[in-house]
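Q: I'd like to go over a predicted model; first the sequence, then the structure.
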Amino acid sequence: MTEQKQFRAIKGTRDIQPPDSTLWNWFEQSARDVFESYNFREIRLPIFEETSLFARSVGGETDIVSKEMYSFPDRSTSSDATADAGDLISLRPEATASTMRAYIEHGMHALPGNVKLYYMGPMFRRERPQKGRYRQFYQIGAEVLGQSDAPAIDAEVIEMLMTFFSRVGLIRTTLYINSIGDKNCRPQYVELLRAELRKVKDQLGADSQRRIETNPLRVLDSKIPQEQEIIAKLPKISEHSCDACREHFAKLKEELKLRGVSYQENWRLVRGLDYYTRTTFEVIAEGLGSQNAVCGGGRYDGLVELLGGPPTKGIGFAIGTDRAILSIQESGNLPKLPGLDVFVAWLGLEAYPTAVGLTKKLREAGLSVELPGEEMKFKKSLNLADKLGARYALIIGSDEVATGRFTLKRLADADQKKLSEYELLEYLESERRGTRG
Ligand code: AMP
C-alpha cells in the first residue's frame with residue numbers, strides 16, 4: 001500500500017490560526033483606526049504585478065529583485081498554443097511600487113491636497129526562513145504623495161506610526177532617524193565615501209568590498225563585528241549635506257519634539273536606492289533576536305517620476321506585521337480580546353426552540369454564542385463550555401422554558417443568576433461593553 005502524502009505548508013509560509021488570528025485582526029483594525037484618524041484611506045492592491053515594475057522601482061540590482069522574487073511568465077491569453085508566453089509577472093515583494101503604479105495610473109496627482117494611502121497584506125520574498133523572517137510575510141504600510149515635502153509631513157507620518165505602536169502596546173521600541181541627503185549633495189558624499197572605503201578595502205569582508213563599487217552607502221548597514229570600528233571612522237553624511245537638506249532635517253527634529261515623539265539619530269541608517277532622499281527611519285523592537293526591525297521608512301521624492309509619472313514628492317513606511325505581533329506576544333503585553341461569551345446548555349428537546357430563538361437574539365446583540373447542535377448531558381455540556389473558554393453558560397431546561405427565566409452561570413466563579421429574556425440581554429450587553437471597552 002502506498003503511504004498517503006502528508007501535505008505541509010511550504011517552507012517560509014505559515015498558517016495564522018485562532019487564537020492568533022484574533023490578535024492579528026485586532027492589530028490590523030487598530031492600524032485602520034489610527035491611520036484613518038490621520039485621514040489616511042486604504043488602497044487595496046493586486047498581489048502580483050509586472051516584474052519590470054519592481055525591477056524599475058525597487059531596483060534590479062537589489063537582493064530583493066535579483067534573488068528573492070517569485071517570478072513567472074504569465075500564460076499567454078492567445079488561443080494559439082504555440083504563441084509566446086505572456087509577460088513576466090512577480091508576486092509583490094513590497095507594496096510601495098504598486099501604490100506608485102496606482103497613483104500614476106489613476107491620475108491621483110490631480111486630487112486635492114496630499115494623497116494619503118495605507119495598505120495591508122502579504123508580501124513575498126524568497127529569503128532564508130528564520131525566526132521573524134518568512135517567504136510570505138505581511139506588511140502594513142502608508143504613503144503620502146503630493147507636491148509638498150514639508151518636514152511636517154515626515155513628522156506626521158512618523159508620529160502616526162509611533163501612535164499606532166503605542167496603541168497596540170508595542171512600546172519597547174527605538175525609533176532611529178537619519179537624513180541621507182538629496183540629488184544635490186548625496187552624489188558627492190557617495191564618491192567621498194567610496195574613496196575612503198577604497199583605502200580600507202582589505203580590512204573589509206567580501207560583501208562590503210563588492211559594495212564599495214556597487215553601492216557604498218550599503219556598507220554603512222553592515223552588521224559584521226570586525227567592520228564596525230572601521231565604519232565608525234568613515235565620513236558622515238550630516239557633515240556633507242547641503243543647506244536645504246540640513247535645514248529639512250533640523251525642522252523634522254523640531255517637529256518630532258513638538259509632537260512628543262522620541263527618537264535617536266543614527267547616521268548609519270541608509271537606503272540603498274537612489275530615489276530615496278532626506279528622511280529615513282527605522283523602528284526596532286525587543287524580543288526579536290537578530291530580525292528586530294519592525295518598520296522601515298523614508299522619503300522617496302523621485303520615485304513617481306522614475307515610474308513615468310509627474311514630479312511628485314513622497315514619503316512612507318512599511319511595518320512588518322509578523323515581527324510586530326511576535327514582539328507584542330514576547331512582551332506578554334497582550335490585549336483582552338473578544339472570545340466566546342455564552343455557551344447555550346439546552347436540556348431536553350422541548351427547550352431547543354427557545355434555545356435557538358434566544359441564541360439568535362444574543363448574536364444580534366453582538367455576543368459570541370455557541371449553540372450545540374445536538375442534545376448533550378448537562379455535565380458534559382458545562383464541561384465543554386469550560387473547555388471552549390466561554391465566560392457564561394446559559395442553561396435552558398423545561399423549568400426555564402415554563403417560567404421564562406433563564407439561568408446564567410458565570411464559569412469563572414460559578415456565580416448564578418435567574419434572569420428574564422430582557423434582563424439577560426441587558427446584563428450581557430452592559431457586561432460586554434465593560435469588558436471590551
Ligand atoms: P522593507 O520592505 O525591506 O523595508 O521591510 C519593512 C519591514 O518589513 C521590515 O522592517 C520587517 O519588519 C518586515 N520584513 C521584511 N522582510 C521580511 C520577511 N522576510 N519576513 C518578515 N518580515 C519582513
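A: Nice, I can see it. Residues are numbered from 1 along each chain as shown.

Q: What does the pLDDT read for the closest residue to the ligand within the chain?
A: Proximity of the chain to the ligand (CB to the nearest ligand atom) peaks at Gly320, 2.0 Å away. Just so you know, the C-beta spots here come from the backbone N, C-alpha and C atoms, and that holds for glycine as well. Each residue has a pLDDT score; the one for Gly320 is 97.

Q: count of neighbours near it?
A: Residues lying near Gly320 (other CB atoms under 10 Å) number 25.

Q: same question, Pro216
A: Neighbours of Pro216 (other CB under 10 Å): 23.

Q: That one is in contact with Leu193, isn't it?
A: Yes: with contacts defined as CB atoms under 8 Å, Pro216 counts as touching Leu193 at a distance of 4.7 Å.

Q: Checking Leu192 next. Helix, strand or coil?
A: Here Leu192 is helix, with the state taken from DSSP: H, G, I helix; E, B strand; the rest coil.

Q: same check, this time on Thr99
A: helix.

Q: Tell me who's in contact with it.
A: Contacts for Thr99 (CB atoms under 8 Å, 6 or more residues apart in numbering) come out as Ile43, Leu45, Leu117, Tyr119, Gly141, Glu143, Gly316.

Q: Make a markdown table out of those residues and add neighbour count and secondary structure.
A: What follows is the contacts of Thr99, written out as a markdown table (neighbours: other CB atoms under 10 Å; DSSP: H, G, I helix; E, B strand; the rest coil):
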| residue | neighbour count | secondary structure |
| --- | --- | --- |
| Ile43 | 19 | coil |
| Leu45 | 18 | coil |
| Leu117 | 22 | strand |
| Tyr119 | 21 | strand |
| Gly141 | 24 | strand |
| Glu143 | 26 | strand |
| Gly316 | 24 | strand |
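
Q: among these, which two are most distant?
A: Leu45 and Gly316 (13.2 Å; CB to CB).

Q: quick revisit: return the closest of the contacts of Thr99 with respect to Ile237.
A: Gly316 (21.0 Å).

Q: For that closest one, which non-adjacent residue is closest in space?
A: Residue nearest to Gly316 in three dimensions, not counting chain neighbours: Glu143, with 3.6 Å by CB to CB, 6 or more residues apart in numbering.

Q: Could you do Gly60 as well?
A: Nearest residue to Gly60 in three dimensions, chain neighbours excluded: Ser66, at 6.5 Å (CB to CB, 6+ apart).

Q: Please report the distance of the one you found from Arg125.
A: 12 Å (CB to CB, to the nearest Å).

Q: These two - which one has more neighbours?
A: More crowded of Ser66 and Arg125, by other CB under 10 Å: Arg125, with 21 against 12.

Q: My read is that that one contacts Ser71, right?
A: No: using CB under 8 Å, Arg125 is not in contact with Ser71, being 11.7 Å away.

Q: quick one, what contacts Gly434?
A: For Gly434, the contact set (CB under 8 Å, 6+ apart) is empty.

Q: Could you check which helix or strand contains it?
A: helix 421-436 (DSSP states H and E).

Q: got the buried residues for that helix?
A: Within helix 421-436, the residues that count as buried by 16 or more other CB atoms under 10 Å are Leu424, Leu425, Leu428, Glu431, Arg432.

Q: any chance of those residues in CSV, plus distance to the ligand and pLDDT?
A: Converted to CSV, the buried residues of helix 421-436 look like this (distance: CB to the nearest ligand atom, whole Å; pLDDT from 0 to 100):
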residue, distance to the ligand, pLDDT
Leu424, 46, 96
Leu425, 44, 95
Leu428, 40, 94
Glu431, 38, 85
Arg432, 34, 81
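
Q: quick one: which of these is nearest to Thr403?
A: Lowest distance from Thr403 to the buried residues of helix 421-436 (CB to CB) belongs to Leu424, with 13.0 Å.

Q: Could you double-check that that closest one sits in contact with Leu408?
A: Yes: with contact defined as CB under 8 Å, Leu424 reaches Leu408; the gap is 6.3 Å.

Q: For the two, list the residues in contact with both.
A: Common neighbours of Leu424 and Leu408 (CB under 8 Å, 6+ apart) are Leu394.

Q: Now Leu170. Its backbone dihedrals?
A: Main-chain torsions, Leu170, degrees, to the nearest 10: phi -90, psi 80.

Q: again, but for the one 3 residues further on
A: Dihedral angles phi and psi of Thr173 (degrees, to the nearest 10) take the values phi -130, psi 160.

Q: which residues touch it?
A: When contacts are counted by CB under 8 Å, 6+ apart, Thr173 touches Met162, Phe165, Val283, Ile284, Ala285, Glu286, Val294.

Q: next one: Gln147
A: With CB under 8 Å, 6+ apart, Gln147 has these contacts: Thr312, Lys313.

Q: Look up how far Phe281 lies from it.
A: From Gln147 across to Phe281, the span is 22 Å (CB to CB).

Q: Now do the same for the closest residue to Lys236 other than its chain neighbours: its pLDDT.
A: Nearest residue to Lys236, sequence neighbours excluded (CB to CB, 6+ apart): Trp267, at 4.6 Å. With respect to pLDDT, Trp267 scores 94.

Q: ok, how many other residues are close to Trp267?
A: If you count neighbours by other CB under 10 Å, Trp267 ends up with 16.

Q: now do Glu286
A: Glu286 - counted by other CB under 10 Å - has 14 other residues nearby.

Q: What of the one 5 residues further on?
A: Using other CB under 10 Å, Gln291 has 16 other residues around it.

Q: Would you confirm that it contacts Tyr134?
A: No: assessed by CB under 8 Å, Gln291 is found out of contact with Tyr134, at 9.9 Å.

Q: one step back: surely the residue of the chain closest to the ligand and Phe137 touch.
A: Yes: counting by CB under 8 Å, Phe137 is a contact partner of Gly320 at 6.4 Å.

Q: So, low pLDDT: which residues of the stretch 301-437 of the chain?
A: Residue ranges of the stretch 301-437 of the chain with pLDDT under 70: 435-437.

Q: repeat that with 50
A: By pLDDT under 50, the low-scoring segments of the stretch 301-437 of the chain are 436-437.

Q: tell me which parts of it are close to the ligand?
A: Ala318, Gly320, Asp322, Arg323 (CB under 6 Å from any ligand atom).

Q: can you put the residues you listed in TSV and add distance to Val34 and secondary structure?
A: Shown next, in TSV, are those (distance: CB to CB, whole Å; DSSP: H, G, I helix; E, B strand; the rest coil):
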residue	distance to Val34	secondary structure
Ala318	16	strand
Gly320	17	strand
Asp322	19	helix
Arg323	18	helix
